[in-house]
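Peer 1: structure of the sequence below:
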Amino acid sequence: MRYVSTRGGMAPQTFTQILLGGLCPDGGLAVPETYPQISPAELAAWRSLS
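Peer 2: Next up is the predicted model:
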């Protein structure tokens, strides 16, 4: 998963780069570039996990 700045002034970076770097250079927060899509069937199957 790659992360981008909420202010748009940073190239996408990996989790490790974000973790070691702290705040984004433009002062924004790092958020995932995309969020995974989970189907209702997959979510229902997860509910039965311990």
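Peer 1: from now on I want contacts and neighbour counts done on CA atoms only, so please keep to that.
Peer 2: Noted.
Peer 1: which positions in the worst-scoring helix or strand of the chain on mean pLDDT come out as buried?
Peer 2: The weakest-scoring helix or strand in the chain, judged by mean pLDDT, DSSP states H and E, is helix 15-21 (a mean of 91). Within helix 15-21, the residues scored as buried using 16 or more other CA atoms under 10 Å are residue 18.
Peer 1: one more: stretch 30-49?
Peer 2: 30, 32.
Peer 1: show me where this protein has helices.
Peer 2: Along the chain, counting by DSSP state H, helices occupy 15-21, 40-47.
Peer 1: now the residue nearest the centre of the chain, nearest residue through space, not along the chain?
Peer 2: For the chain, residue 32 is the residue whose C-alpha lies nearest the centre (CA atoms, centre = their mean; 2.4 Å). Nearest residue to residue 32, sequence neighbours excluded (CA to CA, 6 or more residues apart in numbering): residue 3, at 4.4 Å.
Peer 1: next up, the contacts around residue 30.
Peer 2: 3-6, 18, 23-24 (CA atoms under 8 Å, 6 or more residues apart in numbering).
Peer 1: just residue 4 next, same as before
Peer 2: 10-13, 30-33.
Peer 1: that one and residue 31, how far apart?
Peer 2: Per CA to CA, to the nearest Å, residue 4 is found 6 Å from residue 31.
Peer 1: cool, residue 48 as well?
Peer 2: For residue 48, the distance to residue 31 - CA to CA - is 30 Å.
Peer 1: and what of residue 7?
Peer 2: Distance from residue 7 to residue 31, by CA to CA: 10 Å.
Peer 1: repeat for residue 14
Peer 2: Counting by CA to CA - residue 14 and residue 31 are separated by 11 Å.
Peer 1: joint contacts of the two?
Peer 2: In contact with both residue 14 and residue 31: residue 3, using CA under 8 Å, 6+ apart.
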